[in-house]
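Visitor: model the following, please.
(4 chains)
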Protein chains: 4
Amino acid sequence: MLIVMNHKAGKKQIDAVTKAIGRLGFTAVPIPGSERTAIGVLGNRGYVDDSTVRDLPGVQEVIHVSKPYKLVSRDFHPRNTIVKVAGLEIGAGRRPVIIAGPCAVESEEQICETARAVKAAGADMLRGGAFKPRTGPHTFQGLKEEGLRLLALASRQTGLPFVTEVMSPETVHLVAGYADILQVGARNMQNFELLRELGKIRKPVLLKRGMSATIEEFLAAAEYILAEGNPAVILCERGIRTFETATRNTLDLAVVPLIREMTHLPILVDPSHATGRRMLVPPMAKAALVAGADGILLEVHPNPEKALSDGPQSLTPQGFARLMEEIGRLIAFLGSSGNDFREPKSA
Amino acid sequence: MLIVMNHKAGKKQIDAVTKAIGRLGFTAVPIPGSERTAIGVLGNRGYVDDSTVRDLPGVQEVIHVSKPYKLVSRDFHPRNTIVKVAGLEIGAGRRPVIIAGPCAVESEEQICETARAVKAAGADMLRGGAFKPRTGPHTFQGLKEEGLRLLALASRQTGLPFVTEVMSPETVHLVAGYADILQVGARNMQNFELLRELGKIRKPVLLKRGMSATIEEFLAAAEYILAEGNPAVILCERGIRTFETATRNTLDLAVVPLIREMTHLPILVDPSHATGRRMLVPPMAKAALVAGADGILLEVHPNPEKALSDGPQSLTPQGFARLMEEIGRLIAFLGSSGNDFREPKSA
Amino acid sequence: MLIVMNHKAGKKQIDAVTKAIGRLGFTAVPIPGSERTAIGVLGNRGYVDDSTVRDLPGVQEVIHVSKPYKLVSRDFHPRNTIVKVAGLEIGAGRRPVIIAGPCAVESEEQICETARAVKAAGADMLRGGAFKPRTGPHTFQGLKEEGLRLLALASRQTGLPFVTEVMSPETVHLVAGYADILQVGARNMQNFELLRELGKIRKPVLLKRGMSATIEEFLAAAEYILAEGNPAVILCERGIRTFETATRNTLDLAVVPLIREMTHLPILVDPSHATGRRMLVPPMAKAALVAGADGILLEVHPNPEKALSDGPQSLTPQGFARLMEEIGRLIAFLGSSGNDFREPKSA
Amino acid sequence: MLIVMNHKAGKKQIDAVTKAIGRLGFTAVPIPGSERTAIGVLGNRGYVDDSTVRDLPGVQEVIHVSKPYKLVSRDFHPRNTIVKVAGLEIGAGRRPVIIAGPCAVESEEQICETARAVKAAGADMLRGGAFKPRTGPHTFQGLKEEGLRLLALASRQTGLPFVTEVMSPETVHLVAGYADILQVGARNMQNFELLRELGKIRKPVLLKRGMSATIEEFLAAAEYILAEGNPAVILCERGIRTFETATRNTLDLAVVPLIREMTHLPILVDPSHATGRRMLVPPMAKAALVAGADGILLEVHPNPEKALSDGPQSLTPQGFARLMEEIGRLIAFLGSSGNDFREPKSA
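Guide: Next comes the predicted model:
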């Protein structure tokens, strides 16, 4: 059980609640947050009668916790969250959003050329990494702030908003100063200090699923952001780590309809990182849309074999344009055939 | 290196080859097969010059092995294998095949009612288990031969051919006497004695991927069947075992386009076993078709909540009929939009 | 719920029980076994009052099932099962058993030389494969019955009993005619027809854990053997399949104390297959003994670099002798320091 | 290939190297570090002749990279790294270090009582969390700086140095002001900004393996810390995520001897987090020592059933004292029997 105090509640009111819980035979643990204090109740097994507590001064809400998340749950918030970015609506259940660009920003020429190409082919948004998390330290780590400036330049030239990764709490404000959406990479899904910091800003966050994160952990990570006050979270499935090594990761596409039952947040799919092989990207991109994804992230590089990272999974601009034609027809079909992008039905 | 002897090659010729290999400094190991002997060469690192061996009497072929399979490889046999069953063509790259029915045959009424329902909704083939592999021994293990008779009855009544599982070498002929396609379940994917026995019959085999089988192991299991002389093998992805427990298994849909590059054999998808949840079956069935599957297997039960096995993942006849309408439109779209069901292209 | 009928119970008594269950609103499913019929009860949620059923004629026992096993459970049979083989006692909680030998029997010289070497170093039992399950069909598959004869010869020469693998129901009697213990390999852990056949013989069975088998599935597989009447089952942990590829499998050593809480059956560990690397075998062998294993299986080959299978994980006879000295001291220490090999205590 | 520039090398020298690489037909990417610049070379396949580059002004070293790490490799630094902390030597190959304490610091009484108990039983160091990474935000997150003060108090009272977790780059200096060793938790193993920050301090770092991190990724994460100048890194295996749910994680004990071959850094084992069950901690602690671990981390709580986190896996002070007696005898045995704690031998 969790008792959420009013943000004006002071020490006296918190102490009174703590004592009341003690009288019930349980232990109370105050959990100070940035805006308000919550009081955890320990020692109970199963449901606790909260009548002696819920009317005490300063108590805002009593939550009977069973899951590590609540705010992200569809039970708590049945209607879809729609994230609005520069005129786009993600999660509105209509046209899925297509986000494309290189893994890493490498030069002005590379990012601007790619931006123009994906714009021409019909992409809705640009992606590209300025801060790059890499397995080892002796590898290209991104152009950092210079990369952000180049992304902003490519964005201005094309009118495409852009998403880029943020890797640490102290660079959140720097990245938020440039980007339209801030991405949390798979390796940082449980970097809770970063999540909390992102909960305090007013820009949307794209949260990628950790390599071995369960759906419950994925939603609990999103809960950290919502709990700090930022409701604009977009989830992204990007493959999980399994015993199979023929693909870079195993794309867990069944989570798309499953997550849409469990949460009101939009869910995207990244078939490039999930498969790691260019050839597998188009079929998985289309499969993701049919499974109900609110959009897809695709890696496109003007010269994949010279890319500083993730070349083997990047589409060429030509390949991307071909795929966009197929995707356009597929989306038109799904819309016309009465496919509801947002409400999975049980059969 | 593997030296395949002519099926008429006798002990004298085999000994001569063995000695020749010994003179090259390697070890020769005769591997007697049911029809011919192969001679494994051990001790070599990398490619071996085979000129002194390949022209010896009785030598049919010298194979430089790197993979544990060869006959199933597209390198060896570039054109698609098309498996023909009662007028259906599986793997021909046209209309995908829809196979539907209950997990287990329970009674005449149940199987016949289901067969009529799936036929009416447009299924191409019936499925149903007579021999059921179950985790523990104190659970319903199937109606065995009585189940085969009931499947045959339902098949005659509806004109639908049927596929059913075979669990041991000694029942292969019994099952082959009734079924149109014999299925090898995930738990038996590496039951090599069973695979060898199935290689000797003249009926198609549906081979399900093991719960933790790599693609290489999956193809090597199919190789056992082809190596004994039966070319009619159909592969089936049915989910793999991962850390995620929110779904029964993790459907690895990216293997569909990947396997089609690697092998000429058809590949089906079973979204019912893969997800274990009725709600997830329709989106995954459609995603499988878009990913390029040659067909899908679906569990349908007239009364899922009373099913003796796998009720939670079975569709009702009504749910199946609704899904078949959606699938029909999707297949028509995929056909008309120039989607090639058989040739994945690189982008 | 499972109703076990007396082995003399006839159709009339079974029908009476079936009807009684129907009157309770549930479905009864007779499950004929080789010696007696059990009746599964379906449709109940939670515990069912069995008073109207348990006294009917022919009912031997009513089992309220929650786990897929019962006979193997320590709840049901608190005292350790001790498997006796040629004077050895496995599971008695005293000296652990050391089983050593090559992966595969290759020749008379190889197996007899190895047997003499492991005997001299202090091994209790010989191991060696005559029927070899191999990923692909174009690899050495074992010497088959000739291999059994060579194992028996080596056994006679040294006085060591031997364990060897059986791969199919129809060869159970052949293998049982030679071997002291019959082994079920990891790939066949859920080959239920094979397990049932092994339940009918009167020789001990060494059951290896499947590559992706949960402990519950592992115990349920053992239950198949016990349910047919053979109580002499020895479990063996041999590594599970995970994302880590630096070792062949991941040795799950914590299952040793865990399994000893859950079941009365002995548990061995195979560090050779688990790690796949010679260098890791000695430390893991010793760790297994400290964790409480009832014994270990080790691969020893007179000439590992020329072994037809699994050379990289085989010890040389010299390496084995060195390890046996260390193991001897470790066992003496564990015995003298009051370490109880059989009763894990909670702390 | 990686070209490491002298820390005094300026833009002019870097440009000259960049151009030289361009003339070889490759792409040069400067990677600025906190102390010196490295230049990555891209576009090469296999080994590159470095003769035209290695003698240019400002070039300190040319590294032919194949692994994502180098500084942590035993190839590069054959002798064991010994981490010295308050008179203790970790990794010296003599007596393993025993670190014990509660999962989280909860109160002065709790941490001081635990510290006295583990000291009395023979522990070498105290552990306890002040900053706690928790799956969901509505759970006790630690006492933060107050927790650090209480740990320091308990440390002064007992003379035990202590290790505690740090979760973000900006709290590194705060935590370093109190703790003797700073811990990076499994969820932050690839929080590269945190690793870099820890590379700049002069206190030892205990790096826990990520839940799904390969050994290569684990060593590459340590490389981030060494690359910034801090050589005092201690590795810690704490279980990996697999399909098995009977234990909290799967303790991968074979990595202990494997890692000791690959790296010169010390390796500890945490059997409490690895198993999640009190009963499994003693056997796995002892198995870890036999496998060659340089020490173990154990959770001890005066009242496990009231612990705010991880109660089910915590030992009582009595259980810990009993285990320490067994461990004491085991260490004495391992020392006397000539067991070399640091040099795994091949057999």
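Visitor: which parts of the stretch 51-200 of chain A sit against chain D?
Guide: Counting by Cβ under 8 Å from any Cβ of the partner chain, the positions of the stretch 51-200 of chain A adjacent to chain D are A:63, A:65, A:67-70, A:133-141, A:167-171, A:187-188, A:190-194, A:196. No exception for glycine: its C-beta is placed from N, CA and C like everyone else's.
Visitor: what's across from the residue nearest to the spatial centre of chain A in the sheet?
Guide: Nearest residue to the geometric centre of chain A (Cα atoms, centre = their mean): residue A:207, 2.2 Å. Under the criterion DSSP bridges, residue A:207 forms beta bridges with residue A:184, residue A:235.
Visitor: among the residues of the stretch 51-200 of chain A next to chain D, which ones are buried?
Guide: When those are checked for burial by 16 or more other Cβ atoms under 10 Å in any protein chain shown, the buried set is A:67-70, A:133-141, A:167-171, A:187-188, A:190-194, A:196.
Visitor: follow-up on the earlier one: now the residue nearest to the centre of chain A: how far from residue D:133?
Guide: Applying Cβ to Cβ, to the nearest Å, the value for residue A:207 to residue D:133 is 16 Å.
Visitor: how about residue A:228, nearest residue that isn't a chain neighbour?
Guide: Spatial nearest neighbour of residue A:228, excluding adjacent residues (Cβ to Cβ, 6 or more residues apart in numbering or on different chains): residue A:199 at 2.4 Å.
Visitor: contact partners for the one you found?
Guide: For residue A:199, the contacting residues are A:224, A:225, A:226, A:227, A:228, A:229, A:230, by Cβ atoms under 8 Å, 6 or more residues apart in numbering or on different chains.
Visitor: by neighbour count, which of those wins?
Guide: Within the contacts of residue A:199, residue A:224 tops the neighbour count with 30 neighbours, counted by other Cβ atoms under 10 Å in any protein chain shown.
Visitor: quick one: residue A:323 and residue A:284 touch, right?
Guide: No - counting by Cβ atoms under 8 Å, residue A:323 sits too far from residue A:284 to count as a contact (10.8 Å).
Visitor: which one of these two has more residues nearby?
Guide: Neighbour count, other Cβ under 10 Å: between residue A:323 and residue A:284, residue A:284 has more, with 29 against 23.
Visitor: helix, strand or coil for that one?
Guide: Following DSSP: H, G, I helix; E, B strand; the rest coil, the label given to residue A:284 is helix.
Visitor: can you pull out the strands in chain A?
Guide: Assigned by DSSP state E, chain A shows strands spanning A:2-5, A:27-32, A:37-42, A:59-63, A:83-85, A:88-90, A:97-101, A:125-127, A:162-165, A:181-184, A:205-208, A:233-237, A:267-269, A:295-299.
Visitor: now tabulate these in JSON lines and tack on mean pLDDT.
Guide: Shown next, in JSON lines, are the strands of chain A (pLDDT from 0 to 100):
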{"stretch": "strand A:2-5", "mean pLDDT": "80"}
{"stretch": "strand A:27-32", "mean pLDDT": "74"}
{"stretch": "strand A:37-42", "mean pLDDT": "75"}
{"stretch": "strand A:59-63", "mean pLDDT": "79"}
{"stretch": "strand A:83-85", "mean pLDDT": "96"}
{"stretch": "strand A:88-90", "mean pLDDT": "96"}
{"stretch": "strand A:97-101", "mean pLDDT": "98"}
{"stretch": "strand A:125-127", "mean pLDDT": "98"}
{"stretch": "strand A:162-165", "mean pLDDT": "98"}
{"stretch": "strand A:181-184", "mean pLDDT": "98"}
{"stretch": "strand A:205-208", "mean pLDDT": "98"}
{"stretch": "strand A:233-237", "mean pLDDT": "98"}
{"stretch": "strand A:267-269", "mean pLDDT": "98"}
{"stretch": "strand A:295-299", "mean pLDDT": "98"}
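Visitor: got TSV for those strands, with distance to residue C:95 too?
Guide: Shown next, in TSV, are the strands of chain A (distance: least, Cβ to Cβ, whole Å):
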stretch	distance to residue C:95
strand A:2-5	54
strand A:27-32	49
strand A:37-42	47
strand A:59-63	57
strand A:83-85	66
strand A:88-90	66
strand A:97-101	64
strand A:125-127	63
strand A:162-165	58
strand A:181-184	55
strand A:205-208	53
strand A:233-237	53
strand A:267-269	57
strand A:295-299	60
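Visitor: quick one, phi psi at the closest residue to chain D within the stretch 101-250 of chain A?
Guide: Closest to chain D within the stretch 101-250 of chain A is residue A:136: 2.8 Å, counting by Cβ to the nearest Cβ. Main-chain torsions, residue A:136, degrees, to the nearest 10: phi -120, psi 160.
Visitor: could you find the closest non-adjacent residue to it?
Guide: Closest to residue A:136 by Cβ to Cβ, 6+ apart is residue D:68, at 2.8 Å.
Visitor: I'd assumed residue D:216 was in contact with the one you found.
Guide: Yes - under the criterion of Cβ under 8 Å, residue D:68 makes contact with residue D:216 at 6.6 Å.
Visitor: what residues do the two have in common as contacts?
Guide: Contact criterion Cβ under 8 Å, 6+ apart; residues shared by residue D:68 and residue D:216: residue A:135.
Visitor: ok so, going back, what residues are up against the residue nearest to the centre of chain A?
Guide: A:183, A:184, A:189, A:195, A:218, A:221, A:222, A:225, A:233, A:234, A:235, A:236.
Visitor: distance check, the last one against residue C:249.
Guide: Think residue A:236. 32 Å.
Visitor: show me which of those two is the more surrounded one.
Guide: More neighbours surround residue A:236 than the other of residue A:236 and residue C:249, with 26 against 22 (other Cβ under 10 Å).
Visitor: could you check the lengthiest helix in chain A and say which residues are buried?
Guide: Ranked by residue count and defined by DSSP state H, the top helix of chain A is helix A:317-336. By 16+ other Cβ under 10 Å, the buried positions in helix A:317-336 come out as A:317, A:319-324, A:326-327, A:329-331, A:333-334.
Visitor: that helix versus strand A:97-101: what angle between them?
Guide: Interaxial angle of helix A:317-336 relative to strand A:97-101 (axes from the mean of the first three to the mean of the last three Cα atoms, to 10 degrees): 170 degrees.
Visitor: give me the mean pLDDT for helix A:317-336.
Guide: What helix A:317-336 shows for mean pLDDT is 95.
Visitor: need the contact partners of that helix.
Guide: The contact list for helix A:317-336 (Cβ under 8 Å, 6+ apart) reads A:94-96, A:98, A:100, A:114, A:117-118, A:120-123, A:278, A:281-282, A:285-286, A:289-290, A:298, A:300, A:302, A:315, A:341, B:290, B:329-330, B:333, B:337, B:339, B:346-347.
Visitor: just stretch A:182-190 next, same as before
Guide: Contacting residues not belonging to stretch A:182-190 are listed as A:127, A:133, A:163-167, A:172, A:175-176, A:191, A:194-195, A:198, A:201, A:203-211, A:213, A:217-218, A:221, A:238, A:273, D:133, D:135, D:187-188, D:190-192 [Cβ under 8 Å, 6+ apart].
Visitor: pick out whichever of the buried residues of helix A:317-336 sits closest to chain D.
Guide: Each of the buried residues of helix A:317-336 was scored against chain D by Cβ to the nearest Cβ, and residue A:317 proved nearest at 19.8 Å.
Visitor: please enumerate the helices of chain A.
Guide: For chain A, helices defined by DSSP H occupy the ranges A:11-23, A:51-54, A:108-121, A:145-158, A:172-176, A:192-198, A:215-227, A:255-262, A:271-275, A:281-291, A:317-336.
Visitor: which stretch in the ones you listed has the least confidence?
Guide: Sorting these by mean pLDDT places helix A:51-54 lowest, at a mean of 77.
Visitor: much appreciated, bye for now.
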